[in-house]
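J.: any chance you can model this:
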Amino acid sequence: VQLQASGGGSVQTGWSLTLSCTSSGFTFGEYVIGWFRQAPGKAREAVSCITNSDGGTYYADSVKGRFAISRDNAKNTVYLQMNSLEPEDTAVYYCAADQRYIPGTADYQYWGQGTELTVSS
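T.: As a prediction, this is how the structure comes out:
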């Protein structure tokens, strides 16, 4: 099983960026995919997730209205479109997979390596 987050970088306040999470080694369409982030000195935060069936989504209050999650099961990929980025969004972003829909929690079965985002003011 492999999950790989990519697309991070250094941007300025107000910019947009899209992260990608690609996967292999499991039946992607059967799994809920979540995005998480961890800022220096802070606990890991559940940012967003998308279900495997009806495309239902969850967003943390801190990103609601700015971030959008989507998935392409044919490409085994989930995207996180991030708009109006703020310095508070600076963190390492991770994606993870689980067969349960457990929004707001980090109890996921499979985890990938993170991608770093830095937002400067």
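J.: where along this structure do the strands fall?
T.: Taking DSSP state E as the criterion, the chain contains strands spanning 2-6, 9-12, 17-24, 32-38, 45-50, 57-59, 67-72, 77-82, 91-98, 110-111, 115-120.
J.: rebuild the ones you listed as TSV, extending it with mean pLDDT.
T.: Compiled in TSV, the strands of the chain are given as follows (pLDDT from 0 to 100):
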stretch	mean pLDDT
strand 2-6	97
strand 9-12	98
strand 17-24	97
strand 32-38	98
strand 45-50	98
strand 57-59	97
strand 67-72	97
strand 77-82	98
strand 91-98	98
strand 110-111	96
strand 115-120	98
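J.: nearest to G104, of those?
T.: Smallest distance to G104 across those (C-beta to C-beta): 5.0 Å, for strand 45-50. For the C-beta atoms, the positions are set from N, CA and C on the backbone; glycine is no exception.
J.: what helices and strands are in contact with that closest one?
T.: Judged by 3 or more C-beta pairs under 8 Å, 6 or more residues apart in numbering; DSSP states H and E, the packing partners of strand 45-50 are strand 32-38, strand 57-59, strand 67-72, strand 77-82.
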